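Chemist: Could you work out the structure for the sequence below:
(chains A and B)
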Amino acid sequence: MMNIFNDFRQEVLAALEALQAAEPRLKGCELQAVTLEAPREASHGDFATNAAMVLSKQAGMKPREIADLLSAALQRDSRIEKVEVAGPGFINLKLTADYWRKTLSEILAEGERYGASGIGAGVRVNIEYVSANPTGPMHVGHTRGAVFGDTLANLMQRAGYSVCREYYINDAGGQVDVLAQSAYLRYREALGEQIGEIPEGLYPGDYLVPVGQQLKSEHGDTLRGMAEAAWLPIVRDSALKAMMALIREDLAALGIRHDEFYSERVLHQSGAIEKTLDFLEAQGLIYIGVLEPPKGKTPDDWEPRPQTLFRATQFGDDVDRALKKSDGSWTYFAPDIAYHFEKFQRGYAQMIDVFGADHGGYVKRMTAAVAAVTGGRGALDVKICQLVRLLRNGEQVKMSKRSGNFVTLREVVDEVGRDAVRFMMLYRKNDAPLDFDFAKVTEQSKDNPVFYVQYAHARICSVLRNAREVFPDADAAEAGGADLSPLTDEAELALIRLMAAWPRMVEAAAQMHEPHRIAFYAHDLASEFHALWNRGNENPELRFIVSGRKDVTLARLALIRAIKQVIASALEILGVEALQEMR
RNA sequence: GUGCCCGUAGCUCAGCUGGAUAGAGCACAAGCCUUCUAAGCUUGGGGUCGCAGGUUCGAAUCCUGCCGGGCACGCCA
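Modeler: Numbers count the residues shown, from 1 in each chain, chains lettered A, B, ... in the order given. Here you go, the predicted structure:
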């Protein structure tokens, strides 16, 4: 798996090690901080290393002195055309055009695998996302986290991690009883009763109507005579099953699938919660105590009360956290600790939870719990997805949860399409709020980044089709590996450089858990391609297909084929289709 | 009151886990279509990176304190 940044960094390190043998002052210097990166300014060359500046202090040498030694050594590499020392001590490397052309053929040779990385080393990672309450269809608020989690999973898989995509079903709390009661009402309705207005506190959505009808066809009117304690479990299980089916359909509409659906109810029944708390208890991390009231804003019904607490403060949280409600049942937190403990025992030392913005206050206690339960050997990274603001004609779409009048995920996907939803949800960093404008995301123009990127891919496909007309044997000739020497234009080489950065982009995005970088990269690459295309408008010599010049054409086709491949690769991570044609 | 996140061009936001003269899109101004799909491209103006200190060769990036905005704040999930 190629990654030229790694290759050349190794080159620099090797040169430094050789120098260490010859130059006593460099001996024993830590090389960890030596980096190799692409300078912002193109005139500074292809790569720059900070080695001289970083080592200067340790070695007690002037940066310039180290830089001169190092650049002399690097000069001997035939791939490097020019080495120069600049600024405060940067060593700038310019690679030969030949090397870049060779890089292009390697990119093509790697094909779809290009950009994949082994950096994850097969490490098992568990990513929990969506985990919407199974009380109804998904609404837009869930969309961002769903897309984020799914794309992060794609990304980390591409980077060599062994990923489990997990959904935590909150099927044990009070809201599923409410769900059951709401479904029971629909059941009575199905039996012909007049139920009137759905009472306050129950779920009014008509998605429960089919559940009521199914209960009727399965149970006739037998449930009607039962006491609530008897029918509730039956209705609840049935409704839960229906809601999860609904949610899976919604997820499928977005191209999202999970490997594992983990039931909170099962956690309760298995005794895992007690076991986890025993485990913590044995370490003295659980005690009975009374919490201080929250400062500033005391709840009306506050009264000091002894409760079962977890010593979250020992792991960086602000206060110790309650595990039991006053009625003796578990808080949400207790099973969640057990759940993460269980994930760890399943072999996932790396865990990622994708939460909505309103769960920000939950992060510290959860990471504290993971630290406690894994003895510091497991790590939890919580990614918070900020709110999505829906806009229609520039005006915010108002949603009211109470009336059940919220915009569902399905409505959005049906209106603008899966690709647009997915791309737009990722075209912003997860912790920044996001505006989603219906008009904009369906617009077919460069203002719409989804279309902009897809269009670049489609345009390339179009050129390749046209090329077959002009040179019927183009594919065959190219399959053997086109002669790339006609690629001499600076813009063409710049595109190769950008593609050369792709594997590094994947690695960085995966390690940082930041899938939005892939969307931005795809947009950048598309942009460079469109620019190159347009030069052919002004000067026909610079078109990809030059009818009299087969050699030039084949070389350029190789270039755009590589661009197509990398765009497709990025879109695949994003879960967006790479279109062949957009007419 | 406390914690977390955010503050970068008129607007919406990137900024490669500390690098050189801080970028893109929108908007504004001026250009490019007998086309490989103009669904695109080129050029231009526009900035005390919220403020003040600190860390170091070097800070939009890291630390501290303020200012401003969002979210959360014993038993909901």
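
Chemist: interface residues of the stretch 1-150 of chain A facing RNA strand B?
Modeler: For the stretch 1-150 of chain A, the residues in contact with RNA strand B (C-beta under 7 Å from any atom of the strand) are A:35, A:37-41, A:44-45, A:48, A:50, A:53-54, A:56-57, A:86-90, A:92, A:133. To be clear about C-beta, it is placed using only N, CA and C from the backbone, and glycine gets the same treatment.

Chemist: May I ask which helix or strand of chain A has the lowest mean pLDDT?
Modeler: Lowest on mean pLDDT, DSSP states H and E among the helices and strands of chain A sits helix A:474-479, with a mean of 70.

Chemist: how many neighbours does A:Thr313 have?
Modeler: If you count neighbours by other C-beta atoms under 10 Å, A:Thr313 ends up with 15.

Chemist: Test for you: state the pLDDT assigned to it.
Modeler: Note on A:Thr313: pLDDT of 92.

Chemist: which residues touch the residue lying closest to it once chain neighbours are set aside?
Modeler: In this structure, A:Thr313 finds its nearest non-sequential neighbour in A:Asp320, 5.6 Å apart by C-beta to C-beta, 6 or more residues apart in numbering. A:Asp320 makes contact with A:287, A:289, A:291, A:309-313, according to C-beta atoms under 8 Å, 6 or more residues apart in numbering.

Chemist: could you pick out which of those residues are near RNA strand B?
Modeler: By C-beta under 7 Å from any atom of the strand, the members of these lying near RNA strand B are A:Leu291.

Chemist: returning to what we had before: okay, and which of the residues of the stretch 1-150 of chain A next to RNA strand B map to strands?
Modeler: Among those, the members found in strands (DSSP state E) are A:37, A:48, A:86, A:90, A:92.

Chemist: From A:Leu215, how far out is A:Ser263?
Modeler: A:Ser263 sits 21 Å away from A:Leu215, taking C-beta to C-beta, to the nearest Å as the criterion.

Chemist: ok, these two, which is more surrounded?
Modeler: It is A:Leu215, of A:Ser263 and A:Leu215, that has more neighbours when counted by other C-beta under 10 Å, with 25 against 18.

Chemist: Tell me the predicted confidence for the more buried one.
Modeler: A:Leu215 is given a pLDDT of 97.

Chemist: Please list all residues in contact with it.
Modeler: So A:Leu215 contacts A:183-184, A:186-187, A:190, A:223, A:235, A:238 (C-beta under 8 Å, 6+ apart).

Chemist: what's the nearest residue to A:Gly149 if we skip its chain neighbours?
Modeler: With C-beta to C-beta, 6+ apart, the residue lying closest to A:Gly149 is A:Tyr129, at 2.4 Å.

Chemist: now the one you found: how far from A:Lys429?
Modeler: For A:Tyr129 relative to A:Lys429 (C-beta to C-beta), the value is 17 Å.

Chemist: neighbour-wise, which of the two wins?
Modeler: Ranked by neighbour count (other C-beta under 10 Å), A:Tyr129 and A:Lys429 place A:Tyr129 first, with 27 against 15.

Chemist: quick one, what contacts that one?
Modeler: A:Tyr129 sits next to A:145-146, A:148-150, A:152-153, A:165-167, A:353-354 when contact means C-beta under 8 Å, 6+ apart.

Chemist: again, only this time at 6 Å
Modeler: Under the criterion of C-beta atoms under 6 Å, 6 or more residues apart in numbering, the neighbours of A:Tyr129 are A:145, A:149, A:354.

Chemist: what sits up against the helix or strand where the second one lies?
Modeler: Looking back up the chat, that one is A:Gly149. Using DSSP states H and E, A:Gly149 sits within helix A:140-158. Around helix A:140-158, the neighbours that count as contacts under C-beta under 6 Å, 6+ apart are A:116, A:125, A:127, A:129-130, A:132, A:163, A:165, A:256, A:354, A:356, A:385, A:388, A:407, A:409, A:412, A:422, A:425-426, A:430, A:506, A:509-510, A:515, A:573-574.

Chemist: now swap in stretch A:537-556 and tell me
Modeler: With C-beta under 6 Å, 6+ apart as the criterion, stretch A:537-556 contacts A:463, A:467, A:470-471, A:477-478, A:482, A:484, A:486-487, A:535-536, A:560.

Chemist: Stretch A:445-462 too?
Modeler: Contacts for stretch A:445-462 (C-beta under 6 Å, 6+ apart): A:419-420, A:423, A:427, A:440, A:444, A:522-523, A:526, A:529, A:560, A:564, A:567, A:578-582.

Chemist: redo that, cut-off 8 Å
Modeler: A:419-420, A:423-424, A:427, A:440-444, A:519, A:522-523, A:525-527, A:529-530, A:533, A:560-561, A:563-564, A:567-568, A:570-571, A:576-582.

Chemist: C-alpha coordinates for that stretch, PDB please?
Modeler: C-alpha atoms of stretch A:445-462 as PDB (Å, rounded to 0.1, in the frame of the first residue of the first chain):
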ATOM      1  CA  SER A 445     -25.000  23.700 -10.000                       C
ATOM      2  CA  LYS A 446     -21.500  24.200  -8.700                       C
ATOM      3  CA  ASP A 447     -23.100  25.700  -5.600                       C
ATOM      4  CA  ASN A 448     -24.200  22.300  -4.700                       C
ATOM      5  CA  PRO A 449     -21.100  20.300  -3.700                       C
ATOM      6  CA  VAL A 450     -22.800  17.000  -4.200                       C
ATOM      7  CA  PHE A 451     -23.500  17.600  -7.800                       C
ATOM      8  CA  TYR A 452     -20.200  19.300  -8.300                       C
ATOM      9  CA  VAL A 453     -18.300  16.200  -7.300                       C
ATOM     10  CA  GLN A 454     -20.600  13.800  -9.000                       C
ATOM     11  CA  TYR A 455     -20.500  15.900 -12.100                       C
ATOM     12  CA  ALA A 456     -16.700  15.700 -12.200                       C
ATOM     13  CA  HIS A 457     -16.900  11.900 -12.200                       C
ATOM     14  CA  ALA A 458     -19.600  11.900 -14.900                       C
ATOM     15  CA  ARG A 459     -17.600  14.200 -17.000                       C
ATOM     16  CA  ILE A 460     -14.700  11.900 -16.900                       C
ATOM     17  CA  CYS A 461     -16.800   9.000 -17.900                       C
ATOM     18  CA  SER A 462     -18.100  11.100 -20.800                       C
END
